[in-house]
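Engineer: need a 3D model of the following:
(chains A and B)
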Protein chains: 2
Amino acid sequence: MKIYDTQTAPTPRRVRMFLAEKGIDVEYVQVDLQKGENITPEMRAKNPIGKIPILELDDGTCISESDAICLYFEELHPEKPLLGRNALEKAQIAMWQRQIEFGLFMQIGMCFQHSTGYFKDRMTPVKEFGEVSGQNAGKFLKLLERRLADSRFIAGDEFSIADITALCSIDFGRAVNVRMSEDQTNLKRWYDEVSSRPSAKA
Amino acid sequence: MKIYDTQTAPTPRRVRMFLAEKGIDVEYVQVDLQKGENITPEMRAKNPIGKIPILELDDGTCISESDAICLYFEELHPEKPLLGRNALEKAQIAMWQRQIEFGLFMQIGMCFQHSTGYFKDRMTPVKEFGEVSGQNAGKFLKLLERRLADSRFIAGDEFSIADITALCSIDFGRAVNVRMSEDQTNLKRWYDEVSSRPSAKA
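Structural biologist: I've put the predicted structure just below:
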């Protein structure tokens, strides 16, 4: 099995960090997004929408979407749960994971794609939307600051996939100047704890 | 337990259809989005981002995000699986569910929100982005047409949550003139089958 990965991109980092938390080693194959290596016919046969990461199993079956890849490994290696242990925990983690993805990760991603025109050869950037997305990300950080006043980690008392997604979002946010502010002390406390985990270097 | 629902909106329909497939009856409480009943302080205490649906358990615990609500019920009532039976099925369904959500459901939603200005009292519509989103949805329907040439349902041989999300997307697409075209015969065959299920009326 192997994972098609891009070392510098925020989405595949989520999978690398998830697997590092679980202590699972997988072969990574680097794909250069800027050169368009992800949208060749060969790669589109693995994932029609041309996105990275992709998990390729030994029989050639391909699973794309970082969440789906993480779910696959969680099911096979449940011993250190990152998606929850029971119905309520799973739902609460899925809820936070979603809210972080839509409210933060995607807003930062859209800000990057639409403000910089990095992928303008394969999409239509709308500069004004990029700006709105960056502002939305900033608003979401305020919500997260309030959440982290009551909770050690994002989804509760234990580290979960939602923390991984939030960390990868905030680190990538620097590229578009979306940053935690000095007075967001709960967010800062959480960020320092989560970013010092060995998996954050994956 | 009860679910805060909006009968006319596409997202809560996904949960209603999921529960109808499983034969689970839950009390629904209607919330008027246009009047802003979803963003009152009382509702924001249940879901800070002010979105519907929300599942409220008898002890007051609230779960928002349609995917998270569906996962909660799948875990408690696994007998008719809509999220897959094993690691591979679960990952494949999650992958398709994601791709439908990002490539179709969200594109149609963004087209609606940004083109019509329906929620302009609570977000910044960017008309040009709305148009791009509608075009993206049209492109994704072409990808789905190719997929359904090889597969009875979206994620494989069995009906899953990905079919629910796709059906709710396509039905809502009419509001912004995103429609299947006459020559998309595989999509049409799938649509006729899925939309004739009793759960589609939920």
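
Engineer: show me where chain A has strands.
Structural biologist: Counting by DSSP state E, chain A has strands at residues A:2-5, A:27-30, A:54-56, A:62-64.

Engineer: may I see the ones you listed organised as TSV, with distance to chain B, mean neighbour count and mean pLDDT added?
Structural biologist: Heads up, the C-betas are built off the backbone N, CA and C, glycines and all. As requested, the strands of chain A are exported to TSV (distance: least, C-beta to the nearest C-beta, whole Å; neighbours: other C-beta atoms under 10 Å in any protein chain shown; pLDDT from 0 to 100):
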stretch	distance to chain B	mean neighbour count	mean pLDDT
strand A:2-5	13	19	98
strand A:27-30	18	13	98
strand A:54-56	8	23	98
strand A:62-64	5	20	98
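
Engineer: and of the ones you listed, who's closest to B:Gly23?
Structural biologist: Set against B:Gly23 and scored by C-beta to C-beta, the strands of chain A come closest in strand A:62-64, at 30.0 Å.

Engineer: show me what that closest one is packed against.
Structural biologist: strand A:54-56, helix B:87-100 (3 or more C-beta pairs under 8 Å, 6 or more residues apart in numbering or on different chains; DSSP states H and E).

Engineer: and the ones you listed as a markdown table, adding distance to A:Thr40?
Structural biologist: A markdown table is the format used below for these (distance: least, C-beta to C-beta, whole Å):
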| stretch | distance to A:Thr40 |
| --- | --- |
| strand A:54-56 | 13 |
| helix B:87-100 | 19 |
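
Engineer: about what we covered before: any chance of the strands of chain A in CSV, with distance to A:Gly109 too?
Structural biologist: What follows is the strands of chain A, written out as CSV (distance: least, C-beta to C-beta, whole Å):
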stretch, distance to A:Gly109
strand A:2-5, 17
strand A:27-30, 20
strand A:54-56, 18
strand A:62-64, 16
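
Engineer: for chain A, longest helix please?
Structural biologist: Ordering each helix of chain A by length in residues (DSSP state H) puts helix A:127-150 first.

Engineer: what comes up buried for that one?
Structural biologist: Neighbour counts over helix A:127-150 (16 or more other C-beta atoms under 10 Å in any protein chain shown) mark A:129-134, A:136-138, A:140-141, A:144-145, A:147-148 as buried.

Engineer: what of stretch A:105-113?
Structural biologist: Buried residues in stretch A:105-113 (16+ other C-beta under 10 Å): A:105-113.

Engineer: which bits of chain A sit near chain B?
Structural biologist: Counting by C-beta under 8 Å from any C-beta of the partner chain, chain A comes close to chain B at A:48-49, A:55, A:61, A:63-65, A:67-69, A:71-72, A:75-76, A:86-88, A:90-92, A:94-95, A:98-99, A:103, A:114, A:124, A:126, A:128-129, A:132, A:135, A:143, A:146-147.
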